[in-house]
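1. Structure, please.
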Amino acid sequence: MTFVDPAVGRIYGCDSTDLSGQEPYCGFVVGTFENGKPTDPRLSFWCSENSPIAFVWVSPTSQAEWVAIDQGDFLEVFPVAQGLPVRIGTRAGISIQGSSIKLEVIEIAADGSEISRTPLEATVAG
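-> Sure thing, here's the model as predicted:
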């Protein structure tokens, strides 16, 4: 979930999981917001028993209805709501040692056609 308070230039997100057999996780993230985008992707991690999950904001183009991430065994699709950045969760492309993530973001139009494939590299802020 993502919401914005343009009066103070902040973007807020909820990182959550509901993995079978594990306690649900919910974390809260705050970033700065300028010109319709977060100033950084605000990468965060959650370490489960199986493997880490990374959460990051993706800023889609205005034509995108969905963004998709290749999760290895499947393509996970996230809806774009009112042109806001999308907070995605993934196990793909994570480097715990580098506190970073590398993945490809696929933008999809309302008719299901692919708009673009864009590399995303992010590191933990701070």
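
2. where does the chain dip in pLDDT?
-> 17-25, 48-50, 126 (pLDDT under 70).

3. Look up how far G31 lies from the most centrally placed residue in it.
-> Central residue of the chain (C-alpha atoms, centre = their mean): I88, 2.7 Å from the mean position. To G31, I88 is 14 Å away according to C-beta to C-beta, to the nearest Å. (Glycine included, C-beta is placed from N, CA and C.)

4. coming back round to it: what's the helix or strand for the residue nearest to the centre of the chain?
-> strand 86-90 (DSSP states H and E).

5. strand partners of the helix or strand following that strand, parallel vs antiparallel please.
-> Where DSSP H and E defines the elements, the next helix or strand beyond strand 86-90 is strand 94-95. Sheet pairing for strand 94-95, assigned by DSSP bridges, gives strand 100-108 (antiparallel).

6. that older thread, which residues sit against the strand holding I88?
-> With contacts defined as C-beta atoms under 8 Å, 6 or more residues apart in numbering, strand 86-90 is touched by 1-2, 13-17, 29, 53-58, 60, 67, 69, 71, 76, 78-80, 101, 103.

7. what is the orientation angle of it with strand 100-108?
-> Angle, strand 86-90 to strand 100-108, by axes from the mean of the first three to the mean of the last three C-alpha atoms, to 10 degrees: 120 degrees.

8. For strand 86-90, which residues meet the burial criterion?
-> For strand 86-90, burial by neighbour count (16 or more other C-beta atoms under 10 Å) applies to 86-90.
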